[in-house]
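*Asks:* 3D model of this:
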Amino acid sequence: MLPWKRVLRPLAAMLLAFAAVTAAPATAGAAAAPSSGWNNYSCKPSAAHPRPVVLVHGTFGNAVDNWLGFAPYLVHRGYCVYSLDYGQLPGVPFFHGLGPIDKSAEQLDTFVDKVLAATGASEADLVGHSQGGMMPRYYLKFLGGAEKVNALVGLAPDNHGTTLLGLTKLLPYFPGAEDLLSSATPGLADQVAGSPFLTKLNQGGDTVPGVSYTVIATKYDQVVTPYRSQFLEGSGVRNVLLQDLCPVDISEHVAIGLMDRIAFHEAANALDPAHAKRTTCASVFA
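*Replies:* Numbering: from 1, shown residues only. Take a look at the predicted model:
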C-alpha cells in the first residue's frame, strides 16, 4: 500500500466516526425519553410502514439507553417503534438482559402481543442488539413467534454464542466459576458458546419458515467472537459485514448498536427491502 493510503485510511475512519456521532443528535436529542418519540401506544402504522418495530436491547442494556440513536432514527422515518425491558434480576436496576434467556423470550412474547393489540397490526418486525438479536430466535422457534413476526434484524447478535476472545475457555480452570456464573447471571451463562441453551436453540437449524433474517456484524467485534459466529444459515437469511458496506467503518460491538448510522441504514433496508437504498460510507448522512 502506498504511504499516502496508509495516512488516508485512518483519517477517513476518524472522520466517519465523527460524522456518526454528530449526525445523530438532530433526532436523538428529541427522543431522550421514549415518550417523546417511541413507545407511543397511540401510534398507528402507515401504509408505507405497516408493521410496528420492536427493539430488543442487549445484555446490560435497557429499553431506553440501548436505543437513543436507533429508535429516533426509525421514528423520524415514519415507523411506530417500541422497546422493552427484559431479563431483569432482583435488586439490579437499569442493567437488564441477565436473567435466563428462555424466560426473557417469554417477556418478549407478552410485549409483542401488547404492541400488536395497540397498533392493530397482524405482524411486527424485530430489531435486536447483541443478546437482543439472538434471544428472539427462541421466541420464534419455541413460543409461536413466527406467526406474529415478519423479520428479525440482528445487530452484532451472538447467534452461536461467544468465546469472548477465548476467555470463556478458561472457566473450567477456575473451580466454581461456571456454577457461579449460571446461578448469579444465567443470561450470561446461556450466551457462552456451547451452552445447553444455545445447543437447544440451534439444534435442527438456525431459522424457522416465514421469517426473514438479517445479521449485521462488524469484524471489530470484541464481545461476540469470532464475529462470523454471528451469521445464520438457512432460508430467508442475509448476512452482512459492515466493512463490506464501508471499509473504513471502525465500529465495534457497542457502537454498532448505539450510534452507527451505516448499520442503522442497512437495518432500515431490511425492514423495508422493497424500497432499500444501497448502503455506503455516505449513508452516515442519510
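
*Asks:* mind listing the helices for this structure?
*Replies:* 3-23, 25-28, 70-75, 101-119, 131-142, 177-184, 186-189, 196-202, 242-245, 253-258, 261-271 (DSSP state H).

*Asks:* for the last one, which positions count as buried?
*Replies:* It stands for helix 261-271. For helix 261-271, the neighbour count (16 or more other Cβ atoms under 10 Å) marks Arg261, Ile262, Ala263, Phe264, His265, Glu266, Ala267, Ala268, Asn269, Ala270, Leu271 as buried. Every residue, glycine included, has its C-beta placed from N, CA and C.

*Asks:* swap in the third one?
*Replies:* Of all the residues in helix 70-75, those buried under the rule 16+ other Cβ under 10 Å are Phe70, Ala71, Pro72, Tyr73, Leu74, Val75.

*Asks:* Same check on the fourth one?
*Replies:* Residues 101-102, 104-109, 111-112, 115-116, 118-119 are the ones in helix 101-119 that count as buried (16+ other Cβ under 10 Å).

*Asks:* ok, and what's touching that helix?
*Replies:* Contact with helix 101-119 is made by 41, 43-45, 52, 54, 56, 80, 82, 84, 86-87, 97, 121-124, 126, 131, 134-136, 138-139, 142-145, 148-149, 186-187, 190-191, 197, as judged by Cβ atoms under 8 Å, 6 or more residues apart in numbering.

*Asks:* And the residues you listed, which of them are buried?
*Replies:* Neighbour counting by 16+ other Cβ under 10 Å classes 43, 45, 52, 54, 56, 80, 82, 84, 86-87, 97, 121, 123-124, 126, 131, 134-136, 138-139, 142-143, 145, 148-149, 186-187, 190-191, 197 among the contacts of helix 101-119 as buried.

*Asks:* what bits of the stretch 1-150 of the chain have low per-residue confidence?
*Replies:* 1-36 (pLDDT under 70).

*Asks:* 50 instead, please
*Replies:* 1-33, 35 (pLDDT under 50).

*Asks:* Might you report the residue contacts of Gly91?
*Replies:* Applying Cβ under 8 Å, 6+ apart, no residues qualify as near Gly91.

*Asks:* neighbours of the closest residue to Val223 other than its chain neighbours, just the number please.
*Replies:* Computed as Cβ to Cβ, 6 or more residues apart in numbering, the closest residue to Val223 that is not its neighbour in sequence is His253, at 3.9 Å. Residues within reach of His253, counting by other Cβ atoms under 10 Å, total 23.
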